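A.B. asks: Below is the sequence, then the predicted model.
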Amino acid sequence: MALAIALLALVVLGGLAALVILKGRDADEAAGVLSSETRKRDQASIVLGDEAELTGKQVERAQVLERKAASKELVLAARQAAPPAPYVPPDPEIIGVSRRQFFNRTIVLMMQIGLGGFGLACIAFLWPQLGGGFGSAIKVGLVSDVLAEIRNSNGFLYRAEGRMWLTEYPNGAVEKARATYSSPELAGMEAGLQLGLDGGVIALYQKCPHLGCRVPECVTSQWFECPCHGSQYNRVGEKRGGPAPRGMDRFAVNVDASGTLTVDTGAIIQGPPIGTNTTGQEAEGPNCIGQSSH
């Protein structure tokens, strides 16, 4: 019985000791441990008044709040003292070009280049060529050299840059030609007589006047014979058969004092009418397309 009472007394004393320790920690948590003399002086102080009864933690919190309020007042005072800086727009050179502006300008530039190229291509297609090629005046060479090339090519000389056939025109047929052909055509036909050569030259457009097919030569008949619908022409482009409405069209030519032949492929002259046969040339061999119908 005595032992139980002693144990109970020890438990009660331990609980009281624990409460005293916890209370001391709560008082000394923020500001440290205050001596009993300091507490007595604080309680007797008239200046502290009611604050002497505050704990250390409460005093520290009050000081923190006071410091925050003081710092806010300093910031507000600094803002009120300094006038606002005037607005200065940024320099475009410093900013540069944004990504959106770069892509927009690139797309617009590419569209302009594309449209410009398309427009130039259309103009180049429609505009006659002035610097050489079909649609311009082509300097072929000396008439004597051209005649030699024609004879070396079995009577037919083709120049792709002018889309033309060059053939020899006999001197004996010039008199009849003068009654049928215009002066731009006669200039090449009469070149043989004027230059003392064996013959002149005539420049024929390669296109058939029927439906526009390219007319090739026939070496065996020594005629032009269209493979599309069978139109046939003698060596100087006069119609000899087929559905063509006239002879082959030809180009205006010019022969200067030195004997140089120039063909103006921009000046196309309509071929002679049906029935024109100034040279009297008949087929000199088998036809390539079929027998001609006069």
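C.D. replies: Structure received.
A.B. asks: name the element the nearest residue to Gly285 once chain neighbours are set aside belongs to?
C.D. replies: If you skip the residues right next to it in sequence, Gly285 has Thr220 as its closest partner in space, 3.8 Å away by C-beta to C-beta, 6 or more residues apart in numbering. (C-beta placed from N, C-alpha, C; glycine too.) Secondary-structure assignment from DSSP states H and E places Thr220 in no helical or strand segment.
A.B. asks: Thr220 and Tyr169, how far apart?
C.D. replies: Note on Thr220: its distance to Tyr169, by C-beta to C-beta, to the nearest Å, is 21 Å.
A.B. asks: ok, the two, which is more surrounded?
C.D. replies: For the pair Thr220 and Tyr169, the greater number of neighbours falls to Tyr169 (25 against 14), based on other C-beta atoms under 10 Å.
A.B. asks: State the three-state secondary structure for the more buried one.
C.D. replies: Tyr169 falls in the strand class when you classify it by DSSP: H, G, I helix; E, B strand; the rest coil.
A.B. asks: beta partners of it?
C.D. replies: For Tyr169, the residues forming beta bridges with it (DSSP bridges) are Gly200.
A.B. asks: so it touches Gly188, yeah?
C.D. replies: Yes - counting by C-beta atoms under 8 Å, Tyr169 does reach Gly188; the two are 7.0 Å apart.
A.B. asks: what touches both of these two?
C.D. replies: Common contacts of Tyr169 and Gly188, defined by C-beta atoms under 8 Å, 6 or more residues apart in numbering, comprise Gly200, Val201, Ile202.
A.B. asks: wait, is the last one part of a strand?
C.D. replies: To tie it back to what came earlier, the one meant is Ile202. Yes - counting by three-state DSSP, Ile202 falls inside a strand.
A.B. asks: element containing the residue most central in space within the chain, please.
C.D. replies: Centrality entry for the chain: nearest residue to the mean C-alpha point is Gly114, 4.4 Å, by C-alpha atoms, centre = their mean. Per DSSP H and E: Gly114 is located in helix 99-126.
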